[in-house]
Each structure stands twice: as structure tokens, then as C-alpha cells.
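[1] Provided below are the primary sequence and the corresponding predicted coordinates.
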Amino acid sequence: LKPKSTFLRCHNMMYSMIHNRSAVTWAFFSLVLLSLFDESSSFIQSTLTACKNHRTLHSRLASNPETNSNPQPTTERGSTTRRETLQTATAKLAIPAIILTTTQPVQKSNAESTTKSRTEGYPIQKTEREWSYILSGQQYYILRNGGTERPYSSILESEYRTGTFRCAACNTPLFSSAEKFKSGTGWPSFASGIDNNVEVEDVNPVRMSLAGAEIRCQTCGGHLGDVFADGKLFVGTPAFVTGKRFCVDGGALVFVPEDGGEMVLGDQSPVKKSGGFFDSLLESPKIESRDRV
């Protein structure tokens, strides 16, 4: 059956079963049906109509007890029964509850919510077309579009040699290996930046602690990641001293070893370790030749 037709059948069946019950039961089944089917707009309208019809029916039965096979106890004018109170309260609360359950707000990242230009006011300025030629697809996605890479997808997350982490777009030194620590988040994490080369978004301390603040390259305006004021949680690391955790997308960086070794691009995937137990299960069985007698 199609979801819409099934939904309408269940909707009509439930109301026919409980039309002389309390509105609490109707609201409960409404929420159950809503969780099973994605028909929020038509469902809300039908629920409004059903609640209205139920209250009308209840009023008619209460005003004309002779037509009611199971008459409700009468009350004095100006007073209400617990049943009527529940009906009124549930009818008013059912629709907001349905709207809240069907409407899921999308939380934007700090890079998406900011309106500041990534070009104006920075020493190095290029058109987006020029940046697209200079940077790789992953680098452009992070630095210019403010994107976020998947955790543990950068080779620099496990890079702990002595050296400097630089901007992949303009080669500005941003972080020192001495400030890098293992946070367990899946992104390269640092306790502080080099000098004033890392621009931090100006936000209140509460937001920085909960949602973080965007960080950019001070030279080209490229998006680097976010900084959080939860460094005290990482005892025994440099972040415990500064109180901050710079959560950086590895694709926005390049690593230059101090010993003069080859530069490592952060948009590369980590090197897969071989020789594990699961890798041995995928290996083809070895067939040893035997000498014929």
C-alpha cells in the first residue's frame, strides 16, 4: 500500500473507533500516526477538523441527554469536569506538539551562519575562479566554501612529527606541532595558533563553549574550522593550559616537517595500516605445491 492511502485509512479508522472517547486518546493516536507517516500538512488539518467535530458532538450530547445512551454527569453552569478540561487542553496542545515533532530545525555551522566576506580586508585576494584553479576540490570546499571534512579523513590527524602546519591556500604558518594534541574528535586539534595568523570570530563566551567560533587564515580569509573553549577537559595536553581547542579541518592545511622532509598535503586520506586481523581474513588462501610421487 502507498503511505498516503494507508495513512488516510488508519486516520479514518482511528477516529471512527474513538469518536466518543476523550480527546486525549485522539491526540495520542494522532502523534502515533504522525510518527509513522510523513503527511504533516494534511494530518494537521485533519486533526484540527477531528478535534472540532469531537467537541461539537460532545456539546450536543451534553445538551441533549435523551439522545445519549451513556449520558455524562451534568455540572453546574460555569463549572467544568476533569474530562472537559483535558479535552480543551489536549486540543490546544496537540497541534503545537505535532508541529514540533515534524519540524526539525537545521543547525547551521559557524562558517555557514557568518556573513563576513572571505576576500575583502585580507592581504591576499583572488577571485573564486582563481582559487578553484589553485586549490584541489577538497581544499576549495573547506577554505572557500566553509565546508567540513569527515572525521578521520585527513592524513594530518595522525601527524605528530616536529614541524609547522601551514595554510594550504597561501602558505601562512598557522599552527606549531608543539601545540598539537590528540583530542579523539577525528580532526587535527591544536591548543593555540602561531602569533596572530589565525583569525577568531568574535562571539560571546557561552557560544564559544557550546557551539564554537569560526577560525580563518588571517592572510587569505580561508575557513580553517572552529575553536571551542573546552580546553580544560583535556588534562595533560597543551589545551588544558590555554583553555581552548582549535578544531581544524586537515584539508585546509599542509604540513612542513622541520627536518626538511617532503611536505604533506592535508587533503590526502590516511595511510591504511595492513597486517591486521580483519585484513588477514580477506587475503587469498595460500596453496602449497606438493611433489608428485
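    Okay, I see it.

[2] Can you show me the helices along the chain?
    All helices of the chain, identified by DSSP state H, fall at 3-18, 23-36, 40-63, 82-102, 110-113, 128-134, 137-143, 205-210, 238-242, 277-282.

[3] residues touching residue 219, list them.
    Taking C-beta atoms under 8 Å, 6 or more residues apart in numbering as the definition of contact, the neighbours of residue 219 are 122, 123, 124, 167, 170, 172, 197. In short, each C-beta sits where N, CA and C put it, glycine included.

[4] Below-threshold pLDDT in the stretch 1-150 of the chain: ranges please.
    Of all residues in the stretch 1-150 of the chain, those with pLDDT under 70 make up the ranges 1-114.

[5] Which pLDDT value does the model give residue 261?
    The pLDDT attached to residue 261 in the predicted structure is 89.

[6] count of neighbours near it?
    Neighbouring residues of residue 261 were enumerated by other C-beta atoms under 10 Å; the total is 11.

[7] can you check the one 10 residues further on too?
    Applying other C-beta under 10 Å, we find 8 other residues in the vicinity of residue 271.

[8] separation between the closest residue to it other than its chain neighbours and residue 165?
    Taking C-beta to C-beta, 6 or more residues apart in numbering as the measure, residue 271 lies nearest to residue 155, with 6.8 Å between them; neighbours along the chain are not counted. Computed with C-beta to C-beta, to the nearest Å, the distance linking residue 155 and residue 165 is 12 Å.

[9] Compare the two (neighbour count), which wins?
    residue 165 (28 against 18).

[10] quick one: contacts for that one?
    156, 173-177, 180, 188, 190, 248, 253-256.

[11] residues in contact with residue 137?
    With C-beta under 8 Å, 6+ apart, residue 137 has no contacts at all.

[12] how close does it get to residue 143?
    Using C-beta to C-beta, one obtains 11 Å as the distance from residue 137 to residue 143.

[13] what's the burial count for residue 202?
    Applying the criterion other C-beta under 10 Å, we find 7 residues in the vicinity of residue 202.

[14] Excluding chain neighbours, what is closest to it?
    Using C-beta to C-beta, 6+ apart and skipping the chain neighbours, the partner closest in space to residue 202 is residue 213 (7.6 Å).

[15] For the one you found, list each beta-bridge partner.
    According to DSSP bridges, the residues that bridge with residue 213 are residue 227.

[16] So residue 243 sits against residue 231, correct?
    Yes: between residue 243 and residue 231 there is a contact at 4.3 Å, judged by C-beta atoms under 8 Å.
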